[in-house]
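Q: Okay, predicted coordinates and the sequence, questions at the end:
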2 protein chains.
Amino acid sequence: MVGAKVYFKCENFQKMGAFKMRGATNAILQLSESQLEKGVITHSSGNHGQAVALAAQQVGTKAYIVMPENAPTVKREAVEGYGGIISTSGNRAIDRENLTDKLIEQYGATFIHPSNNLQVILGQGTAAMELLEEQPQLDAIFTPVGGGGMIAGTCLAAYHFGSGCEVYGGEPFEADDAFRSLQSGKIEVNETANTIADGLRTFLGDVNFPIIQEHIKAIIRVEESEIIEAMRLVWERMKIIIEPSCAVPLAALIKEKESFKGKEVGIIITGGNVDLGKLPF
Amino acid sequence: MVGAKVYFKCENFQKMGAFKMRGATNAILQLSESQLEKGVITHSSGNHGQAVALAAQQVGTKAYIVMPENAPTVKREAVEGYGGIISTSGNRAIDRENLTDKLIEQYGATFIHPSNNLQVILGQGTAAMELLEEQPQLDAIFTPVGGGGMIAGTCLAAYHFGSGCEVYGGEPFEADDAFRSLQSGKIEVNETANTIADGLRTFLGDVNFPIIQEHIKAIIRVEESEIIEAMRLVWERMKIIIEPSCAVPLAALIKEKESFKGKEVGIIITGGNVDLGKLPF
C-alpha cells in the first residue's frame, strides 16, 4: 500500500491501554523513599492520569489525580479502578493548576508532568528502544506529536539505539503547534484544536522541545479526513482498536509514501482507549 | 473476572479475517490436478466466500462465488479483491442453490461447502490444534456453533491432540438449533434467527453433526445482551476487533464461570470482519 515495509509497535496492548504507562512508571521509579511516602500527583483527564494511578499502585504509593468536572465518567472510573485519589477542579486549565498546587502544598506529593519531564520522556522512549531491539534496521520511526514526551523519547531512542534511524512526527493541521514551533524556533500554541486526535491538542514544553529540535527529521501534517481514513484502515485490516491520535503517523506515512519507497518504517501505535459510543464511522 | 486462566486463539488476525481460511485452504489442497483445472465453487454472502476466493487464488485455481443480490457491497468487493468470480443469484436459499448447480454443470467446478465437508472440518480444527500445541494443558476449549464446521473440527482436535480437553459450544438462544439437535438426536433448524451473531444463523449438516454428537461436552446458550456485553469487553479491554459471533463463547464462559473456576480455558476468536457502520454500541 505504501511501498515500504511497516512495523507497528502496539502500545494499545500496553497496560492501561497506552504508552503513557511507560513514562509514568519510569518517573515514579526514580523517586526516593521519602518522596514515595508522600505520593505523586498529576492533573489529567486522559491516559496520563490513569497511567500515574496504576504505576503508583504497582509501586505501592498514593496517586492524587486532579480531574476537571467535565471529565467523562468512564475516565474517572478507570482512575478510581487503579486506586487513584481523584480531586475535582473547574474545567479551565488555571483551575486544575491551582488545585494541583494546593494539593502539592498540602500533601508534599511529587508532581509528574505528562510530557515535560525528562524521566517521563525517557520512559516513553523505551517503546522505540524495544522496537529497535527487534528491528535494528529501521530507516525511520513515526510517532504522533502531542505534548512532546513520546516524540522526544523516540528521538533519543533512535539516536542512541538506531542505525541512522530518522524520526518523523505526525501532526493534525488542526493542531500543528509543533510544526510551527520548529519553524519559528520557539514553542508555539494552538488557538483552536478542532481535531479528532484529542490526545494531540497539548503543547510542547521547555524540556522536550530542545530534544525534538535537535533530533527530529520532520513533522508531516495531515487533514482530519486522512486521520479518520487511516484509523478505519487499521480497524478494518489489522483488526486492532487504536485511538484517533495514533492514526496520525500512519496517515502521515501514507501521505508522504513516495519518500519511503523500499524503506523499513516503524510506527508507534500509541494507545487504544476510545469511547465506542463516539466513533467517526 | 471468571476465575479461570483464559487463552484466546485470535483468528481475527487470520488471512481474510476469519478461521474460514483454514477450511477452504485444506479442502482446496486436497483436489486433483484435473479438479484444480476446473476450479471451485461455493455460495456464501460472508466469510466463506472470501476464504474460498483467496485460497483458490493462492493455489492458482478459479473460484466461482454465488452471492445473493442483497449481499453488502463491501463483501462483494472483498471477494473480487481476492480474484473470485461472482455470480449473482436471487435472495432465497433455493435461488442460490439452483444457480450453484447450474454453474457446477457448466464449469465442472468442485463445490466447497462452508461447514458440512470433512476436509473443511479438518481445516477448521487446525485452530484448536495449534492452540493445544502451545497450551497442551487446556481443560476446555470454547467455540461458537454456526454451521458446525468449527465446533466439529475443534472436537476432533481436542480428542486427538488434547489431554482430557473438553469442548463447549456457545450458541445464541435466538439460534439454538444445535442445542436442540443434541437434545432430539436429529438436525433441528431455526424458525427465526434474530441474533446479532450473524455467522451463527446456519444449521448443522450430516457430516459434522455425528462428530459433534460424539465429542462435544455441552452447548451453553446466551442472551443477545450477554453477547453484546462480551463483545464490548473484548473491544474495550483487549483492544482487538471481533465479530459478534465470537463474543458468544466468551459470553458462555462468563455465564457459567462457576463451573470453570481454577481451570485453563481456550476460546477461539473466530473472526474480525464487522461493518463499522453497524455496531451495537
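A: Done, it's in.
Q: Who's the closest spatial neighbour of residue A:95, skipping the chain neighbours?
A: Of all residues not flanking residue A:95 in the chain, residue A:89 sits nearest, at 4.6 Å (C-beta to C-beta, 6 or more residues apart in numbering or on different chains). C-betas here are computed from N, CA, C, even on glycine.
Q: For the one you found, list each beta-bridge partner.
A: According to DSSP bridges, the residues that bridge with residue A:89 are residue A:68.
Q: count of neighbours near it?
A: Counted with other C-beta atoms under 10 Å in any protein chain shown, residues neighbouring residue A:89 total 21.
Q: Give the buried residues for stretch A:139-159.
A: Neighbour-count burial for stretch A:139-159, counted by 16 or more other C-beta atoms under 10 Å in any protein chain shown, picks out A:139-158.
Q: hmm, back to that, wait, isn't the residue nearest to residue A:95 in contact with residue A:70?
A: No - shown here, residue A:89 and residue A:70 do not form a contact pair, counting by C-beta atoms under 8 Å, at 10.3 Å.
Q: just checking, which of the buried residues of stretch A:139-159 belong to strands?
A: Secondary structure from DSSP state E places A:140-144 of those in strands.
Q: Now do the helix-or-strand element of chain A with minimal mean pLDDT: everything it contacts.
A: Least confident helix or strand, chain A: helix A:73-81 with a mean of 90, by mean pLDDT, DSSP states H and E. For helix A:73-81, contacts defined as C-beta atoms under 8 Å, 6 or more residues apart in numbering or on different chains pick out A:16, A:45-46, A:49-50, A:53, A:65, A:67, A:86, A:275.
Q: tell me the least confident of those residues?
A: When the contacts of helix A:73-81 are sorted by pLDDT, the bottom entry is residue A:45 at 77.
Q: how many neighbours does the nearest residue to that residue once chain neighbours are set aside have?
A: Nearest in space to residue A:45, with sequence neighbours left out and distances taken as C-beta to C-beta, 6+ apart, is residue A:71 at 4.2 Å. Neighbours of residue A:71 under the rule other C-beta under 10 Å: 20.
Q: What separation do you get for residue A:71 and residue A:46?
A: 9 Å (C-beta to C-beta, to the nearest Å).
Q: do residue A:14 as well
A: Counting by C-beta to C-beta - residue A:14 and residue A:46 are separated by 14 Å.
Q: How about residue A:24?
A: 12 Å.
Q: ok, residue A:214 - contacts?
A: Residues in contact with residue A:214 (C-beta under 8 Å, 6+ apart) are residue A:155.
Q: Shouldn't it be within a helix?
A: Yes - looking at residue A:214 with DSSP: H, G, I helix; E, B strand; the rest coil, it is inside a helix.
Q: gap between it and chain B?
A: Residue A:214 sits 34 Å away from chain B, taking C-beta to the nearest C-beta, to the nearest Å as the criterion.
Q: Tell me how far that residue lies from residue A:182.
A: Here the criterion is C-beta to C-beta. By it, residue A:214 lies 11 Å from residue A:182.
Q: try residue A:3
A: When C-beta to C-beta is applied, the distance between residue A:3 and residue A:182 equals 27 Å.
Q: Would you mind telling me which of these two has more residues around it?
A: Neighbour count, other C-beta under 10 Å: between residue A:3 and residue A:182, residue A:182 has more, with 19 against 11.
Q: same for the helix or strand hosting the more buried one, what does it pack against?
A: Using DSSP states H and E, residue A:182 maps to helix A:177-184. Under the contact definition 3 or more C-beta pairs under 8 Å, 6 or more residues apart in numbering or on different chains; DSSP states H and E, helix A:177-184 sits against strand A:166-172, helix A:208-215, strand A:218-222.
Q: With mean pLDDT and distance to residue A:81 as extra columns, can I get those in JSON lines?
A: JSON lines is the format used below for the helices and strands packed on helix A:177-184 (pLDDT from 0 to 100; distance: least, C-beta to C-beta, whole Å):
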{"stretch": "strand A:166-172", "mean pLDDT": "98", "distance to residue A:81": "30"}
{"stretch": "helix A:208-215", "mean pLDDT": "98", "distance to residue A:81": "29"}
{"stretch": "strand A:218-222", "mean pLDDT": "98", "distance to residue A:81": "34"}
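Q: from these, which stretch is densest packed?
A: Most buried of the helices and strands packed on helix A:177-184, by mean neighbour count (mean count of other C-beta atoms under 10 Å in any protein chain shown): strand A:166-172, with a mean of 26.
Q: Just checking: what are the partner strands of that one?
A: With DSSP bridges as the test, strand A:166-172 is paired with strand A:140-144 (parallel), strand A:218-222 (parallel).
Q: Minimum distance to residue A:107: which of the ones you listed has it?
A: Comparing these against residue A:107 with C-beta to C-beta, the closest turns out to be strand A:140-144 (33.0 Å).
Q: Other residues contacting that closest one?
A: For strand A:140-144, the external contacting residues (C-beta under 8 Å, 6+ apart) are A:128, A:131-132, A:150-151, A:154, A:158, A:162, A:165-171, A:197, A:199-200, A:217, A:245-246, A:248-250, A:252-253, A:260, A:263-268, A:270.
Q: hmm, 6 Å instead?
A: A:128, A:150-151, A:154, A:158, A:166-168, A:170, A:200, A:245-246, A:248-249, A:253, A:265-268, A:270 (C-beta atoms under 6 Å, 6 or more residues apart in numbering or on different chains).
Q: repeat for stretch A:7-22
A: Under C-beta under 6 Å, 6+ apart, the answer for stretch A:7-22 is A:47-48, A:50-51, A:54, A:123-124, A:126-127, A:131, A:135, A:242, A:266-273, B:239.
Q: Would you quantify the distance from the residue in the stretch 101-250 of chain A that chain B sits nearest to to residue A:61?
A: Nearest residue of the stretch 101-250 of chain A to chain B: residue A:239, at 3.8 Å (C-beta to the nearest C-beta). Remark: distance between residue A:239 and residue A:61 (C-beta to C-beta) = 37 Å.
Q: higher neighbour count, those two?
A: Taking neighbours as other C-beta under 10 Å, residue A:239 and residue A:61 compare with residue A:239 leading, 22 against 19.
Q: Give me the longest helix you can find in chain A.
A: Using DSSP state H to define each element, chain A has its longest helix at helix A:118-134.
Q: Next, give phi and psi for the nearest residue to residue A:111 once chain neighbours are set aside.
A: Counting by C-beta to C-beta, 6+ apart, residue A:111 lies nearest to residue A:41, which is 5.5 Å off, once chain neighbours are set aside. Note on residue A:41: backbone dihedrals following degrees, to the nearest 10 are phi -150, psi 150.
Q: quick one, what contacts residue A:41?
A: By C-beta under 6 Å, 6+ apart, the contact set of residue A:41 is A:64, A:103, A:109, A:111.
Q: Confirm residue A:137 sits in a strand?
A: No - secondary structure of residue A:137 (three-state DSSP): coil, not part of a strand.
Q: picking up where we left off before, what angle separates the longest helix of chain A from strand A:140-144?
A: Calculated by axes from the mean of the first three to the mean of the last three C-alpha atoms, to 10 degrees, helix A:118-134 forms an angle of 140 degrees with strand A:140-144.
Q: what comes up buried for helix A:118-134?
A: In helix A:118-134, counting by 16+ other C-beta under 10 Å, buried: A:118-129, A:131-132.
Q: What of stretch A:34-46?
A: A:36, A:38-46.
Q: of all those residues, which comes closest to chain B?
A: Closest to chain B, out of all of those and judged by C-beta to the nearest C-beta, is residue A:46, at 15.7 Å.
Q: Serialize the contacts of residue A:41 to CSV and add fields for secondary structure and neighbour count.
A: Formatted as CSV, the contacts of residue A:41 follow (DSSP: H, G, I helix; E, B strand; the rest coil; neighbours: other C-beta atoms under 10 Å in any protein chain shown):
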residue, secondary structure, neighbour count
A:64, strand, 25
A:103, helix, 21
A:109, coil, 22
A:111, strand, 15
